[in-house]
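have a look at this prediction, sequence included:
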Amino acid sequence: MTTSDQAHRSPAAGAGPPGTSTREQLPGGAPIKVLVVDDNDLVRDSLQRCCQVPGLQVVGTAGSAGTAFEAVVDLQPDVVLLDYRLGQDIGTDVAPELIARLPGVRVIIVTGSADHEIEAEARRVGCSGCVEKTMATGRVIPDLVKRAYSGELI
């Protein structure tokens, strides 16, 4: 099993030197827990970095559908950032199983193309929406995660 095939639990927020924690609570509650699922190590790391903002906590990462299924149960994220082309799997095929394993989880499909059919399929299978990888920046991703968490379709 390669590293990208294993689910990784993110280190606990606040584990670094004092004053370096990015974990902050939302008003009245804990941070939004995020699971990042992408088979590309660089993209997965980039998405993880985008989520290192107050109010969000990346609880883990996964590099395949199989590890994502395990991680969603073990880590109980609020929101999953899910790659559309996940190795041999397609994100819109994986998403319903993630939602079935953790009812209430919000899933955002992250795709490399601006395809309205992917967006429509994502909504049809219960995802909160889609974002293009080219738009997945440090400002856009946290906003989309927070909006999906609140129940908004994005």
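Sure thing, it's come through.

can you give me the helices for the protein?
41-50, 65-75, 91-101, 116-124, 140-149 (DSSP state H).

can you redo these as a markdown table with mean neighbour count, mean pLDDT and distance to residue 30?
To be clear about C-beta, it is placed using only N, CA and C from the backbone, and glycine gets the same treatment. Supplementary listing: the helices of the chain in a markdown table, determined by neighbours: other C-beta atoms under 10 Å; pLDDT from 0 to 100; distance: least, C-beta to C-beta, whole Å:
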| stretch | mean neighbour count | mean pLDDT | distance to residue 30 |
| --- | --- | --- | --- |
| helix 41-50 | 17 | 96 | 19 |
| helix 65-75 | 20 | 98 | 14 |
| helix 91-101 | 19 | 98 | 21 |
| helix 116-124 | 15 | 96 | 27 |
| helix 140-149 | 20 | 96 | 11 |
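
of these, which approaches residue 133 most closely?
helix 41-50 (6.7 Å; C-beta to C-beta).

which residues does that closest one contact?
3-4, 10, 36-38, 58, 61, 63, 81, 83, 110, 133, 136-138, 140-142 (C-beta atoms under 8 Å, 6 or more residues apart in numbering).

pull out the buried members of the residues you listed.
Buried members of the contacts of helix 41-50, scored by 16 or more other C-beta atoms under 10 Å, are 4, 10, 36-38, 58, 61, 63, 81, 83, 110, 133, 136, 141-142.

if we can go back for a sec, among the contacts of helix 41-50, name the ones in strands.
36, 37, 58, 61, 81, 83, 110 (DSSP state E).

would you list the residues you listed in a markdown table and tack on pLDDT and distance to residue 47?
Shown next, in a markdown table, are the ones in strands among the contacts of helix 41-50 (pLDDT from 0 to 100; distance: C-beta to C-beta, whole Å):
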| residue | pLDDT | distance to residue 47 |
| --- | --- | --- |
| 36 | 98 | 5 |
| 37 | 98 | 9 |
| 58 | 98 | 8 |
| 61 | 98 | 8 |
| 81 | 98 | 5 |
| 83 | 98 | 9 |
| 110 | 97 | 7 |
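
thanks a lot, see you next time.
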